[in-house]
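*Asks:* Kindly generate the corresponding structure for this input.
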Amino acid sequence: MPEFTMPSLGADMDEGKLVEWLVSEGETVTRGDVVAVVETAKSTIEVECFDSGTVGSLLVAPGTTVPVGAPLAVIEPEAGPSTGRRGEHPAGPPEASGPARVGRGTVSTSTPLVRHLAEERSVDLAAVHGSGRGGRITRADVERAAAPRARRRVPASPLARRLAESLDVDLGRVRGTGRNGTVRADDVRAAAERRTPRPHSHRAGPAGTGKHGATPRSAISALMSRANREIPHYYLATTIDLATAMDWMRERNTHSSVKERLVPAALLLKAIALAARQVPQLNGHWSDDAFTQAENVRLGIAVSLRGGGLVAPALPNADDMSVAALMAALKDVVARARRGRLRASETADPTLTVTNLGDQGAETVFGVIYPPQVALVGLGRVVERPVAVDGMLAVHPTVTATLSADHRASDGATGARFLTAVDRLLQRPEEL
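*Replies:* This is a model prediction of the structure:
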């Protein structure tokens, strides 16, 4: 009988804490459904189920720390049509999934997943009419109840809106102190300072700490110390002229909506993904004293967390994405990483990681490889520099791209070929 086990959410993870179950015994699940929330030393991750069937039994209570691979639940094979759809139980006592009073004394039920969604969207389940079997409240009911609220525009100053976006503050939950309840910048700052970890986190120690008081920073330090000890790094750097790429991007953006406009990072990431396909000796993992080349490019993006720490979620098949699709995926995964809403499948080991500190002002970045990967690309700030063009001096936007690579898997000539490929691709941005 299939078991749902504590997944490995990174090369440095040997155990994790089950924070919350999002399903209950008897629920039908399908492959890919989010069923639990797990806390690692770095962050909180939403974990998907890798089998379809019915949750037979939950073996581990929330708040329990268990090693990677330990069984968390039993998933029984589907019993047939009477089992019901995802999130619904066969008819039975309403108390089985936790009652919620709806309407004029009518008792309905909601699954843990629906209650979680309602809490996230600030929806009062007591005011929701259930459209499911026996008046059960479904996910669609909660989303319909949340829709009118989402459409209302919260009165806020332009500065407050920009600040809320940068601090990841929901304006709908901020009490405005301005005229007629308008949200001001100070209101947003105050909300950001008051913000606590997600309600279901139930951390054992101070905010930002993991097992035994470990912090995200200590977990990263341990991994990087191991990487420095075990991986024979070599380093290369090159300066790339971005004039052609930036001109193409500006021309494209003039014909695009605000949401579809590109930033230089999207072009750089796509070029790096394509170069990894062309120079596969840098795209893969080192394990058991041998290099295994990856079949696809899972581009890891290093994201600094506001509460401290670092995660590197992966963009699968980044080399096959259009630049626009990669841009959208990048914005989505970075936003969710900083809200603690990453999925387990997104934290599975990338095949090549990129760290970009250009927005922090750094011009050159030499990173440390994330094992079991064999390379890491660093990007700095786009800087206007004098360059020679056809014997004439001009000032062009440039970026310094660096490569940290594992000498066991490749050599300097291979690394140089990779950086040359990145440069060449950026000179033909229309082909990215």
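*Asks:* Show me which strand runs longest in the chain.
*Replies:* What stands out as the longest strand in the chain, according to DSSP state E, is strand 392-406.
*Asks:* Tell me which strands that strand pairs with, and in which orientation.
*Replies:* When sheet partners are counted by DSSP bridges, strand 392-406 sits next to strand 233-241 (antiparallel), strand 375-379 (antiparallel), strand 383-389 (antiparallel).
*Asks:* Deepest in the core, which of those strands is it.
*Replies:* strand 375-379 (a mean of 26; mean count of other CB atoms under 10 Å). (Glycine included, C-beta is placed from N, CA and C.)
*Asks:* mind listing the helices in the stretch 251-400 of the chain by residue range?
*Replies:* 264-278, 323-338, 344-347 (DSSP state H, counting those that start in this stretch).
*Asks:* care to break this structure down by domain?
*Replies:* Domains of the chain are assigned by automatic domain parsing as 3-148, 153-194, 217-431.
*Asks:* Looking at stretch 169-176 now, give me its mean pLDDT.
*Replies:* Summarised as a single mean, pLDDT over stretch 169-176 is 84.
*Asks:* ok, residues contacting that stretch?
*Replies:* 122, 149, 152, 154-156, 160-161, 163-164, 181-184, 187-188, 191-192, 195 (CB atoms under 8 Å, 6 or more residues apart in numbering).
*Asks:* Of the strands paired with strand 392-406, which is nearest Val297?
*Replies:* strand 375-379 (11.7 Å; CB to CB).
*Asks:* So Ala265 sits against Val354, correct?
*Replies:* No - using CB atoms under 8 Å, Ala265 makes no contact with Val354, being 9.0 Å away.
*Asks:* which neighbours do these two share?
*Replies:* Leu379.
*Asks:* ok, those two, which is more surrounded?
*Replies:* Val354 (26 against 20; other CB atoms under 10 Å).
*Asks:* Give me the distance between the more buried one and Ala302.
*Replies:* 7 Å (CB to CB, to the nearest Å).
*Asks:* weakest of the helices of the stretch 251-400 of the chain in terms of mean pLDDT?
*Replies:* Among these, helix 344-347 scores lowest, at a mean of 84.
*Asks:* hey, C-alpha coordinates of it in PDB?
*Replies:* The C-alpha trace of helix 344-347 is given here as PDB (Å, rounded to 0.1, in the frame of the first residue of the first chain):
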ATOM      1  CA  ALA A 344       7.800  20.600  -2.600                       C
ATOM      2  CA  SER A 345       8.200  19.900  -6.400                       C
ATOM      3  CA  GLU A 346       9.700  23.400  -6.800                       C
ATOM      4  CA  THR A 347      12.400  22.800  -4.200                       C
END
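*Asks:* just the helices in the stretch 101-250 of the chain please.
*Replies:* So, for the stretch 101-250 of the chain - with DSSP H, counting those that start in this stretch - the helices run 112-120, 139-151, 158-167, 185-194, 216-230, 243-254.
*Asks:* Tabulate these (JSON lines), appending mean neighbour count.
*Replies:* Output for the helices of the stretch 101-250 of the chain, formatted as JSON lines (neighbours: other CB atoms under 10 Å):
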{"stretch": "helix 112-120", "mean neighbour count": "19"}
{"stretch": "helix 139-151", "mean neighbour count": "14"}
{"stretch": "helix 158-167", "mean neighbour count": "16"}
{"stretch": "helix 185-194", "mean neighbour count": "16"}
{"stretch": "helix 216-230", "mean neighbour count": "15"}
{"stretch": "helix 243-254", "mean neighbour count": "15"}
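*Asks:* mean pLDDT lowest for which of those?
*Replies:* helix 139-151 (a mean of 65).
*Asks:* What is the neighbour count of Ala394?
*Replies:* 12.
*Asks:* what's the distance between it and Met246?
*Replies:* In terms of CB to CB, Ala394 sits 13 Å off from Met246.
*Asks:* Out of the helices of the stretch 251-400 of the chain, which one sits most buried?
*Replies:* Taking mean count of other CB under 10 Å, helix 264-278 is the most buried of the helices of the stretch 251-400 of the chain, at a mean of 23.
*Asks:* What is that one packed up against?
*Replies:* helix 243-254, strand 299-301, helix 323-338, strand 352-356, strand 375-379, strand 392-406, helix 412-426 (3 or more CB pairs under 8 Å, 6 or more residues apart in numbering; DSSP states H and E).
*Asks:* Please put the alpha-carbon coordinates of the first one into PDB.
*Replies:* The C-alpha coordinates for helix 243-254 follow below in PDB (Å, rounded to 0.1, in the frame of the first residue of the first chain):
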ATOM      1  CA  ALA A 243      23.300  47.100 -25.700                       C
ATOM      2  CA  THR A 244      21.700  44.900 -28.300                       C
ATOM      3  CA  ALA A 245      19.600  43.000 -25.800                       C
ATOM      4  CA  MET A 246      18.400  46.100 -24.000                       C
ATOM      5  CA  ASP A 247      17.500  47.800 -27.300                       C
ATOM      6  CA  TRP A 248      15.400  44.800 -28.300                       C
ATOM      7  CA  MET A 249      13.800  44.600 -24.800                       C
ATOM      8  CA  ARG A 250      12.800  48.300 -24.900                       C
ATOM      9  CA  GLU A 251      11.300  48.000 -28.400                       C
ATOM     10  CA  ARG A 252       9.300  44.900 -27.300                       C
ATOM     11  CA  ASN A 253       8.100  46.600 -24.100                       C
ATOM     12  CA  THR A 254       6.700  49.600 -26.000                       C
END
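*Asks:* Just checking the distance from it to the centre of its chain.
*Replies:* With CA atoms, centre = their mean, to the nearest Å as the basis, helix 243-254 stands 28 Å off its chain's centre.
*Asks:* and if you look at stretch 20-33?
*Replies:* That offset, for stretch 20-33, works out to 21 Å (CA atoms, centre = their mean).
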